[in-house]
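Colleague: Just to be clear, the model below is a prediction. Sequence and coordinates:
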Amino acid sequence: MKNRFKYLTLAVLISVFASCDKDDSPDDKNIKRYNVESGIIEFTTTTSGTIGTGTITGSGTDQLYFEKWGALELANEESTTTTVVVNPISGETITKTDIIHSTVKIDNEMIYTVDYDSQRIYTQQDPLIELMRLNDYDALEAGRKTLISMGGEQLDNEEFKGYDCEVWFVLGATQWMYKGITLKIITKLGGITITKEATDIKFNVPVNDSYFELPEYKTTSING
């Protein structure tokens, strides 16, 4: 259950940080999230830091597939994190390894979050779309206003792998975004640093339908 909400939060953040064409409206058949038509991006993730008397290390890989200007996308994450804690009294070393596999799909207004532990798919209407409808915003306005409401600060643009990126800092995370697509993010929480960055970027390429397929699990709506 804990992991399910962690992945759901990730899905919501993906939608929040979207950037779209000014002419988009919530009534469009396809809700455009990016200013790039399609893409396949590979990422690596590293985790390091300290927790009390222990240390934490980890690594993982992520994939992002999208088409229709981001109206359809799927993000997949697989990672392993190891925590080593030394009991200050007994001197005993305790090692715990967590393996995470998460998949989040966005199809226009709907978010699908796969919980592999319970073998369920949790569905939710994208809250960014609701914000657009309630306030008559287009997606660009909704995304930026949400960032600012969360205390986000836009920094100077920087280049990452040859792409001119907007840089935003919000909730302890610095992200490098190209046309609405996050190519790099560094998150610092307490003594832990998580770095995720694109290693292979392909824009405006054909994306096979199979990349957007989900497991045949039962679905549960969390909207009630």
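Modeller: On my side now, so go ahead. Numbers count the residues shown, from 1 in each chain.
Colleague: what are the ranges of the helices in this structure?
Modeller: Secondary structure of the chain, counting by DSSP state H: helices at 2-16, 127-135, 139-149.
Colleague: May I ask which helix or strand of the protein has the lowest mean pLDDT?
Modeller: Scoring the helices and strands of the chain by mean pLDDT, DSSP states H and E places helix 2-16 at the bottom, with a mean of 39.
Colleague: Could you double-check that residue 31 sits in contact with residue 71?
Modeller: Yes. Between residue 31 and residue 71 there is a contact at 5.3 Å, judged by C-beta atoms under 8 Å. In short, each C-beta sits where N, CA and C put it, glycine included.
Colleague: what touches both of these two?
Modeller: residue 108 (C-beta atoms under 8 Å, 6 or more residues apart in numbering).
Colleague: Pick out whichever of those two has more residues nearby.
Modeller: residue 31 (26 against 20; other C-beta atoms under 10 Å).
Colleague: could you measure that one against residue 50, distance?
Modeller: Note on residue 31: its distance to residue 50, by C-beta to C-beta, to the nearest Å, is 41 Å.
Colleague: now do residue 83
Modeller: From residue 83 to residue 50 the distance is 10 Å (C-beta to C-beta).
Colleague: thinking residue 169 is in contact with residue 156, fair?
Modeller: No. Using C-beta under 8 Å, residue 169 is not in contact with residue 156; the gap is 11.2 Å.
Colleague: So between these two, which is more surrounded?
Modeller: residue 169 (15 against 6).
Colleague: In contact with the nearest residue to the more buried one once chain neighbours are set aside: list those residues for me.
Modeller: What sits nearest to residue 169 in space, not counting adjacent residues and going by C-beta to C-beta, 6 or more residues apart in numbering, is residue 153, at 4.9 Å. Applying C-beta under 8 Å, 6+ apart, we find residue 153 in contact with 168, 169, 170.
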